[in-house]
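Participant: how would this look folded up:
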Amino acid sequence: MDSLTQIVLGAGVAEAVAGKKMGNKAVLWGAVAGTIPDLDVFLRFFYHPIDAALVHRGFSHSLLFALLIGPFLGFIFYKLYKKKYDLKSWIWLFFLGIVTHPILDMFTNYGTQFLWPFNFRITFNSVFVIDPLYTIPFMVCIIVAMTMNRENPKRKKWNLFGIYYSTSYLLYGVIVKLFILSNATAYFQKDNRIVKNPMVTPMPLTSFYWMILTEDDSNYYVGYKSLFYEFNPSDIDTVKKDKQALYNLKWKGKNYAKQLDFISNGYYTTVQNKDTLRFYDLRFGLTSKLSNQQVNIPVKSFTMVIDNNTVQKTFETFSKDLFKKVTFGKYIHKIISNE
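Facilitator: Next up is the predicted model:
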């Protein structure tokens, strides 16, 4: 999830653990704890861009990391505050603030390597990385709680309401995702398409509009399901499938095809134009609905500069045209109406 959401979650958890003892200091340090796992983004400067994508949400988003760093930071702050608050509260504050970060990230489409060193990511694909309906009500509850005296019983109630709301919202997303996934193949059969391997994930900023990604031997098909109206087969986008180009390329003698397949969970294609090859990770969707059909390319890619089947340079890219042509008003209208 985005940094603000992780700050809010860390603050809410810490308030539940130690708010009555520490007051707003618990909220502050909980917010800090909630951001710690994402500090792995600074490691990307020391890695090849593809390796950096694998490092992110790896060890720092694991249960082992929380078990090691939580007690360590708890002990450090116990000493810094000269034992004013008990050690147990400090340890729980930092452990829970850190461990809930990757748990929340599991609900996004990139997931986390929570059981590191085991080499797989846990993902439920049920909430978009930025979702105001998750973050804003939760944040309001915590802000209201912070305005109250730590002894006030209403402070605890406001904070717990935020935690219950946010947890219920995540469970709601899983239920909706499973419902759409169970009907995904049938949606495409309305257009006489025989597809396989459906993947369902929420569209940007909402849990009311979902992308359904499927494939056959030649193409990927991207459909869209709103909770407010029936699936429309005429809305399906088609992306030509081309995976072979990656297997002929070398990066300083190393082929990264398997790593890229792992990153994208197998949902990818490539497009080559002269000396440039783009690897498109289709799990992040296309730009068509966000731009009102003005642009229709995958949102996320790795761009590679190639010379004689050797990659000279690799960098992570997002669709620049999307940010220039995004039309939020029409996008919101598309979420609630198929007119």
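
Participant: the longest helix in this protein is where?
Facilitator: The single longest helix within the chain, with elements called by DSSP state H, is helix 153-189.

Participant: elements contacting the very next helix or strand once past that helix?
Facilitator: Downstream of helix 153-189, the next assigned helix or strand under DSSP states H and E is strand 196-202. When contacts are defined as 3 or more Cβ pairs under 8 Å, 6 or more residues apart in numbering; DSSP states H and E, strand 196-202 packs onto helix 153-189, strand 209-215, strand 276-286. Where C-beta positions appear, they are placed from N, C-alpha and C, glycine not excepted.

Participant: and if we set it to 6 Å?
Facilitator: In this structure, strand 196-202 packs against helix 153-189, strand 209-215, with contacts taken as 3 or more Cβ pairs under 6 Å, 6 or more residues apart in numbering; DSSP states H and E.

Participant: what about that strand, distance to the chain center?
Facilitator: Taking the mean C-alpha point of strand 196-202 and that of its whole chain, the gap between them comes to 15 Å (Cα atoms, centre = their mean, to the nearest Å).

Participant: before we move on, the earlier item: please identify the deepest-packed of the helices and strands packed on strand 196-202.
Facilitator: Here the criterion is mean neighbour count by mean count of other Cβ atoms under 10 Å, and of the helices and strands packed on strand 196-202 the winner is strand 209-215, at a mean of 23.

Participant: quick one, it and strand 276-286 angle?
Facilitator: On the basis of axes from the mean of the first three to the mean of the last three Cα atoms, to 10 degrees, strand 209-215 is oriented at 130 degrees to strand 276-286.

Participant: okay, now the sheet partners of strand 209-215, with direction.
Facilitator: Next to strand 209-215 in the sheet, as set by DSSP bridges, lie strand 196-202 (antiparallel), strand 219-226 (antiparallel).

Participant: could I get those in CSV, plus columns for mean pLDDT and mean neighbour count?
Facilitator: What follows is those, written out as CSV (pLDDT from 0 to 100; neighbours: other Cβ atoms under 10 Å):
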stretch, mean pLDDT, mean neighbour count
strand 196-202, 94, 19
strand 219-226, 96, 21
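
Participant: could those strands go into TSV alongside distance to V305?
Facilitator: Formatted as TSV, the strands paired with strand 209-215 follow (distance: least, Cβ to Cβ, whole Å):
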stretch	distance to V305
strand 196-202	30
strand 219-226	25
